[in-house]
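# Return atomic coordinates for the entry below.
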Amino acid sequence: MVETAKAKNVKLYLPVDYVTADSFSATAKTGYATDETGIPDGWLGLDCGEKSNKIFSEVIAGAKTILWNGPAGVFEFDAFANGTKAALDAVVAATENVR
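All right, here's what the predicted structure looks like:
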């Protein structure tokens with residue numbers, strides 16, 4: 001997909017920071033990682049971090065077409081739902097005045 005996007009001169013926006021967890025559960029210990037630090041061994045990236053949410057919100061605000069392709073994090077667990085909620089808020093704001 002990345003190579004196809006490059007070939008067609010399409011910019012992909014991927015997360016740059018992450019809310020991490022020591023297990024896939026609602027009671028997991030949480031942490032934070034970036035592309036630079038990497039996600040520690042034994043931990044999982046279960047949501048986008050604040051920097052990613054800001055980037056995605058800016059892109060959504062300027063979009064002419066929005067295609068929702070699933071949640072940004074494990075929204076079923078409150079600790080990992082912020083990325084999905086931030087994207088939804090951005091979509092709502094971008095479409096409020098569209099008719």
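# residues of the longest helix belonging to the chain that come out buried?
Secondary structure of the chain per DSSP state H: the longest helix is helix 82-95. By neighbour count on 16 or more other C-beta atoms under 10 Å, the buried set for helix 82-95 is 82-84, 86-88, 90-91, 94. Where C-beta positions appear, they are placed from N, C-alpha and C, glycine not excepted.
# again with stretch 50-65
Buried residues in stretch 50-65 (16+ other C-beta under 10 Å): 52-53, 55-57, 60.
# just stretch 17-29 next, same as before
17-21, 28.
# Looking at those, which are in strands?
17-21 (DSSP state E).
# Mind telling me the two of those residues farthest from one another?
Farthest-apart pair in these is 17 and 21; separation 14.3 Å (C-beta to C-beta).
# quick one, what contacts residue 32?
17-20, 49 (C-beta atoms under 8 Å, 6 or more residues apart in numbering).
# Kindly recompute the last result at 10 Å.
17-20, 39, 49-50 (C-beta atoms under 10 Å, 6 or more residues apart in numbering).
# any idea whether it is helix, strand or coil?
strand (DSSP: H, G, I helix; E, B strand; the rest coil).
# Bridged to it, which residues?
The bridge-partner assignment for residue 32, based on DSSP bridges, gives residue 19.
# Tell me how far it lies from residue 48.
11 Å (C-beta to C-beta, to the nearest Å).
# any shared contact partners between these two?
Joint contacts of residue 32 and residue 48 (C-beta under 10 Å, 6+ apart) are 17-19.
# From those, pick the one nearest residue 77.
The closest of the shared contacts of residue 32 and residue 48, once distances to residue 77 are taken by C-beta to C-beta, is residue 19, at 10.2 Å.
# That closest one contacts residue 46, correct?
Yes: the pair residue 19 / residue 46 is scored as a contact, 6.1 Å apart, by C-beta atoms under 10 Å.
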